[in-house]
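Asks: Give the three-dimensional model of this entry:
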Amino acid sequence: MYDQNLFPLLDGPTSIQAKELERAMRSSTARRDVSPMKAKSIAVVSGKGGVGKSNVALNLALLLGERFKTPTVLLDADINMANLDVLLGLNVRLNLGHVLREELTLKEIILPISERVWLLPGGNGISGLKEVDWGSKSGLLKDLYVLDEKADAIVIDTGAGVNRDVLFFAMASDVIVIVTTPEPTALKDAYGLLKSFLLSYGRDKLSKKDLFFVVNMAQSSLEANAAAERLIKVSDRFLALSPRYLGYLPFDPKVAKAVKERSPVVKSYPKSSMARAMELIVSNLITKCGLEASGDSKELAAFGAFQRLLRKLRGE
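Replies: Numbers count the residues shown, from 1 in each chain. Next up is the predicted model:
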């Protein structure tokens, strides 16, 4: 569990969190020139709950920041059951809900969770996210400019399943990573999620995304590869889509142990099979995404990851 003294809570609107943020950002600025992935937003999604999506998003963000030297913001966009704070051992009082209600700014809720990684905590029960006029939120655009100066990547942990908010955040991102397991029900739901992307936003928009998937909780590489082949085959045959396989994450008891300890597995058990496999996944993601910005348009490519995300959320 993280030392709570490193992450003080807020008792009022004056942001002690902001002071921690400034300190952490200052310490990371000198290393930004070695970042291997520039200006990317990565949505981590799943067709159903219970496949380890939030754990994948959390450890992906930490490895991007600490192992691969990419300053990263982790956004908990699971607005019904946000839980990244729990996985980190934090008792967070301020979250995205306060920003959407215009009570606080992003800079007042953001938390440093390592030298190069910051958390934007999600809320619970925030509905109607698509109707939020992000561009009109007081101070939000200014906050995004500041975050673009400090972070090269955004990892977005969406809600599980097929709903408007999941589709909305995923399609606003540059990269979509679908987390599934070898179970037939999980593969069916991953396929259903792909179908929902296609039906809701069309092939043209979906074709501009870097679309990947990860097989989690596999008992062996053979099981994982067989599951990956099934998903690729059915997606190609019935949807004419070809999501790329990033690799698999093994079933590892250390993951459950880390969850109980409220600490990320790559921090608590860096030599575990899960941590080693996760590092390979992130390395593959960086290699396959490349360094270029989103290909949606030349105009959008000129902006940082946060500004592009905002513009897409606003439908520009």
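Asks: Burial check on residue 107, number of neighbours?
Replies: Neighbourhood size, residue 107 [other C-beta atoms under 10 Å]: 17. Bear in mind the C-beta positions are built from the backbone N, C-alpha and C, glycine included.
Asks: How about residue 184?
Replies: Neighbours of residue 184 using other C-beta under 10 Å come to 10.
Asks: go on, residue 160?
Replies: Residue 160 has 22 nearby residues by other C-beta under 10 Å.
Asks: how much space is there between it and residue 193?
Replies: 10 Å (C-beta to C-beta, to the nearest Å).
Asks: quick one: common contacting residues for the two?
Replies: Here residue 160 and residue 193 have 45, 46, 47, 166 as joint contacts, going by C-beta atoms under 8 Å, 6 or more residues apart in numbering.
Asks: surely the third one meets residue 195?
Replies: No. The pair residue 47 and residue 195 fails to qualify as a contact (C-beta atoms under 8 Å) at a distance of 9.7 Å.
Asks: and those two? which has more neighbours close in?
Replies: Neighbours per residue, other C-beta under 10 Å: of residue 47 and residue 195, the larger number sits with residue 47, 25 against 16.
Asks: ok now do the more buried one, which residues does it touch?
Replies: Residues 160, 161, 162, 178, 180, 186, 188, 189, 190, 191, 192, 193 are the ones in contact with residue 47 under the rule C-beta under 8 Å, 6+ apart.
Asks: okay, who's weakest in the shared contacts of residue 160 and residue 193 by pLDDT?
Replies: Within the set of these, pLDDT is lowest for residue 166 (83).
Asks: list the helices and strands whichever helix or strand residue 229 is part of packs on?
Replies: Assigned by DSSP states H and E, residue 229 falls within helix 221-239. Packing partners of helix 221-239 (3 or more C-beta pairs under 8 Å, 6 or more residues apart in numbering; DSSP states H and E): helix 184-207, strand 210-218, strand 244-250.
Asks: Worst mean pLDDT among those?
Replies: helix 184-207 (a mean of 93).
Asks: CA-only coordinates of it, as PDB, when you get a sec.
Replies: Only the C-alpha atoms of helix 184-207 are listed here, as PDB (Å, rounded to 0.1, in the frame of the first residue of the first chain):
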ATOM      1  CA  PRO A 184     -16.000 -18.000 -24.400                       C
ATOM      2  CA  THR A 185     -18.300 -15.500 -22.800                       C
ATOM      3  CA  ALA A 186     -15.500 -12.900 -22.500                       C
ATOM      4  CA  LEU A 187     -14.500 -13.400 -26.200                       C
ATOM      5  CA  LYS A 188     -18.200 -13.100 -27.200                       C
ATOM      6  CA  ASP A 189     -18.500  -9.800 -25.300                       C
ATOM      7  CA  ALA A 190     -15.200  -8.500 -26.800                       C
ATOM      8  CA  TYR A 191     -16.600  -9.200 -30.200                       C
ATOM      9  CA  GLY A 192     -19.900  -7.500 -29.200                       C
ATOM     10  CA  LEU A 193     -17.900  -4.400 -28.200                       C
ATOM     11  CA  LEU A 194     -16.200  -4.300 -31.500                       C
ATOM     12  CA  LYS A 195     -19.500  -4.600 -33.300                       C
ATOM     13  CA  SER A 196     -20.900  -1.800 -31.200                       C
ATOM     14  CA  PHE A 197     -18.000   0.500 -32.200                       C
ATOM     15  CA  LEU A 198     -18.600  -0.300 -35.800                       C
ATOM     16  CA  LEU A 199     -22.400   0.200 -35.700                       C
ATOM     17  CA  SER A 200     -22.300   3.400 -33.500                       C
ATOM     18  CA  TYR A 201     -19.400   5.200 -35.300                       C
ATOM     19  CA  GLY A 202     -18.900   3.600 -38.700                       C
ATOM     20  CA  ARG A 203     -16.000   1.900 -40.400                       C
ATOM     21  CA  ASP A 204     -14.400   5.200 -41.500                       C
ATOM     22  CA  LYS A 205     -13.900   6.500 -38.000                       C
ATOM     23  CA  LEU A 206     -13.000   3.100 -36.500                       C
ATOM     24  CA  SER A 207     -10.400   2.600 -39.300                       C
END
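Asks: Please identify the buried residues of it?
Replies: 186-191, 193-198, 206 (16 or more other C-beta atoms under 10 Å).
Asks: Repeat that for stretch 264-272.
Replies: Going by 16+ other C-beta under 10 Å, stretch 264-272 has these buried residues: 264, 265, 266, 267, 268, 269, 272.
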